[in-house]
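Visitor: Give me a 3D structure for the following:
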Amino acid sequence: MKKIFLILFLAFLILFIAVSTTIADCTASVTGDWNIAATWGGGCDGVTHPDATDNVFINGGIRVTVPNGISAAGKWVFIGQTNNTETCTSTDTSGCSAIINNGTLTSTRMYIGQGASKDGLFLFGPGSTTSTSEQFFYRNGFLRSTSTRISPAIISGNAPITTSGITDPAQDVNISFVSFQNNSSIAFSLGGTTPTGSATSQLSISNCTFQNLSGITIGSITSANSTPISVTNCDIRDLSGGRNIIIRRSAGGTAAYNFSHNTLYQSVPASGLMNFSPTTSGGLTIDGNVMINVYTTIAIPGAYTVSNNLMTNATANQGVLLITDAGVGSMVTRNYLRSTADNFHPFETSGSGGSGTHTITYNVCDGIVDAIWTDKPDLLLPGANSLISDYSYNLVVGASEHIAGVRNPAFGTINIKHNTIMGTSPSANGSAGHLYTPEGVANTGTINIANNLHLDGGVLVGESIGGASSGDDQVVAYSDYNNFYNIQLANVYGAARLSITTGNTGKIVPGSHDTNINPRFLDSTRTIASWDARFGSGVGTATAGITYLLSINGYRGTPNFDQGGAISVYNPAHLCNWVSYGASPTNGLLRNAGDDGKTIGAVEWQNPRRKRM
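Guide: Below is the predicted model:
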């Protein structure tokens, strides 16, 4: 009898457990709080509200709030189960089905929006935590936040955030003060050809942190989407994988892209790649960022502006900024680029290089100082189709080989004017400090070299890699009014050399107005290290200076939400300007001595008695 009773008891227990763990479908049919039974039609699965075993459905126009201090859970959560009957656009989301998370919400999967007219809204509230373990699908609808610098929102878990199955044009992302932690990857994308409320519809991400992710993709997935894309004041660090950050558009489009005042930090050099590939004519702005151990590539048909950034990369045979297929009116200006690696190219263009005018001006390149001849801090490698490339008013500190290289057969016109190059002492083979180096097959473009100031280094004004028999000797169309001080003009390697004047191949012939004058710089010792000693941390090293600049752009630990404060005036632009000012000549013989009536070199003459910057 006892055995029969025990068997019946166990059978009842198993049945009870099976029933209690059955996945239920819980539907919100009225607006209310998650933890209130009335929101779910009086209850859900015999309890007040859904739990981690229940699928959750939010009907059209219904808004469910997870209150502050409340922990909510669901298995698969669907926002936008039925059609919205009220207004649901980017300019008015009051009629959208929505989850407003002001507490803690945990789910296995999250689906925001279910199709045309079933748009959903997910709102990250102040101090909230959202955790998803399998998939966070952003479909039709909107991601928004009301979180603040004082009370940021956190999204965690191992689920990738992806765009999937967009069928309706009403969607955008407009979030700030959200910390994305330990997700596998993120893809914020917009679909549709005419976003609802397009006057304000956008993909805007500001004051957010991203850490330990496998990659970030930000862009649109359709050709004609004109929604602007903006990423500002964000802290992105230690991403894993190859192309870590991709800002793109599939094809076409006219929207503008803005990537400004962000921190990108990789503790392992060259483990980060920033790839801008928006095929848009709306242009691209990259301004005021601190990008450490990151290789940045740009490939757009429209104009780009890269300005006021600190960019470093410590990986051999790699650069900081690679530009391909850029459009008319592009500019790289007032950036500070630093490397401690061999064969380093701060600026480089490849492929077609675009078909417009490219200006590289007022930059500081803090290159490696080394006696190894393979070091190449090339500053300009124009692409094959570039019509005009102006490389002017740049300061090169510690260059040990090439200053400007040309490796494409048809590059249009290159103007290399008003640059200051502080080289190193000649290397063992006499090759340090090369100035202008056409390489490869015979080039058909035009090179103009004037008003440059060179000092302290063995210099070759041209090199042909293949030697005299390769047919790649080149002629500079115009070279004059350059100042060479403490320079060795010599031919090495036994190869044919480029002359700096027309018709003289294989020998160095100075221009008739070239000079040999000591510029007597205002302060030639200025670098990022001395800048840090005066304006930054006070330690006085390059590492400390970089750390300080990371801190004012938001890198202060894990997590960090201080990006909403005022941006310090001691930023990358100030660093660039201060170091450049130190290269001001005080020797009056260089004042107004250029062929254009200006001071020879990158910086105007200064009176040595004048109060220093």
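Visitor: Can you show me the strands along the stretch 451-600 of the chain?
Guide: In the stretch 451-600 of the chain, the strands defined using DSSP state E, counting those that start in this stretch lie at 453-459, 478-480, 483-489.
Visitor: Give the rounded mean pLDDT of the second one.
Guide: Averaged across strand 478-480, pLDDT comes to 80.
Visitor: List the buried residues for that strand?
Guide: 478-480 (16 or more other CB atoms under 10 Å). Yep, even glycine has a C-beta here, placed from its N, CA and C like the rest.
Visitor: Export those residues as a markdown table, with columns for distance to residue 262.
Guide: Putting those into a markdown table (distance: CB to CB, whole Å) gives the following:
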| residue | distance to residue 262 |
| --- | --- |
| 478 | 41 |
| 479 | 40 |
| 480 | 43 |
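Visitor: List just the nearest of these to residue 413.
Guide: residue 478 (10.6 Å; CB to CB).
Visitor: Okay, now the unreliable bits of the stretch 51-200 of the chain?
Guide: 164-170, 190-200 (pLDDT under 70).
Visitor: swap the cut-off to 80 and go again
Guide: Counting by pLDDT under 80, the stretch 51-200 of the chain has low-confidence residues at 89-91, 115-116, 138-139, 162-172, 182-185, 187-200.
Visitor: ok, now the stretch 201-350 of the chain?
Guide: Short version for the stretch 201-350 of the chain, where the test is pLDDT under 80: 201-202, 211-212, 214-215, 217-228, 238-256, 267-283, 295-303, 313-330, 339-350.
Visitor: what's the answer for the stretch 501-613 of the chain, then?
Guide: 501-511, 552-569, 610-613.
Visitor: Pick out whichever of the buried residues of strand 478-480 sits closest to residue 258.
Guide: Distance to residue 258 across the buried residues of strand 478-480 (CB to CB) is lowest for residue 478, with 38.4 Å.
Visitor: Near the spatially closest residue to residue 39 that is not a sequence neighbour, how many residues? Count them for me, please.
Guide: With sequence-adjacent residues excluded and distances taken as CB to CB, 6 or more residues apart in numbering, residue 39 is closest to residue 32, at 3.5 Å. Neighbourhood size, residue 32 [other CB atoms under 10 Å]: 17.
Visitor: Can you give me the distance of residue 32 to residue 81?
Guide: 16 Å (CB to CB, to the nearest Å).
Visitor: what's the answer for residue 237, then?
Guide: Distance from residue 237 to residue 81, by CB to CB: 38 Å.
Visitor: List the beta-bridge partners for the residue nearest to residue 39.
Guide: residue 64 (DSSP bridges).
Visitor: can you check residue 415 too?
Guide: In this entry, residue 415 is beta-bridged to residue 390, residue 448, by DSSP bridges.
Visitor: Now for residue 528: which residues touch it?
Guide: Contacts for residue 528 (CB atoms under 8 Å, 6 or more residues apart in numbering) come out as 336, 338, 366, 542, 545-546, 575, 579.
Visitor: Ok, residue 76 next?
Guide: 55-56, 107-109, 111.
Visitor: Can you list the strands that whatever helix or strand it lives in pairs with?
Guide: For residue 76, the host element (DSSP states H and E) is strand 71-79. Take DSSP bridges as the rule and strand 71-79 pairs in its sheet with strand 55-58 (parallel), strand 104-112 (parallel).
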